[in-house]
Each structure stands twice: as structure tokens, then as C-alpha cells.
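*Asks:* pasting the structure only:
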């Protein structure tokens, strides 16, 4: 994210609509030590459907430490 080292942690969770959902938590540290994160959530087994959109969202994040 924004040229920084980041960690992506995938998880599966029961969906309130039935079945399961895949959640991926992306994290990176800011210069002041705070943690920045964002989540992606999609129905389990459909990550390929949403992958391009989630990649564009991740690439659009610009972190500027002041």
C-alpha cells in the first residue's frame, strides 16, 4: 500500500446471509507507529469475481505521513 510493506491476512467467517464469506485484512504501519488497515469482504469462493476491483481500491490508497 502506497509503496509500503503490508500484510494481507485472509479469514473465513460465517455469513449472516448463510454460507461463508472471505474477509481479507490488509495492514501497514504509518510513520508515527499507528496501524492503517482496510478490509475486503466477499462470498467464499467468489474472490476471483472481486479481485480486480479490490486491487484497484488497494492501489488507489495514498498514505501521506505528516
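*Replies:* Yes, it's here. Keep in mind it's a predicted model, so treat the numbers as computed, not measured.

*Asks:* Would you tell me what helix or strand residue 53 is located in?
*Replies:* helix 47-60 (DSSP states H and E).

*Asks:* Kindly report the same for residue 33.
*Replies:* Counting by DSSP H and E, residue 33 is found in no helix or strand.

*Asks:* buried stuff in stretch 52-66?
*Replies:* Neighbour counts over stretch 52-66 (16 or more other Cβ atoms under 10 Å) mark 54, 58 as buried. C-beta: built from backbone N, CA, C; applies to glycine.

*Asks:* what stretches of the protein score poorly on pLDDT?
*Replies:* 66 (pLDDT under 70).

*Asks:* What segments of it are strands?
*Replies:* 7-14, 20-29, 35-43 (DSSP state E).

*Asks:* For the ones you listed, please prepare TSV with the additional fields mean neighbour count.
*Replies:* Compiled in TSV, the strands of the chain are given as follows (neighbours: other Cβ atoms under 10 Å):
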stretch	mean neighbour count
strand 7-14	10
strand 20-29	15
strand 35-43	14
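
*Asks:* May I see those organised as CSV, with distance to residue 54 added?
*Replies:* Shown next, in CSV, are the strands of the chain (distance: least, Cβ to Cβ, whole Å):
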stretch, distance to residue 54
strand 7-14, 10
strand 20-29, 8
strand 35-43, 5
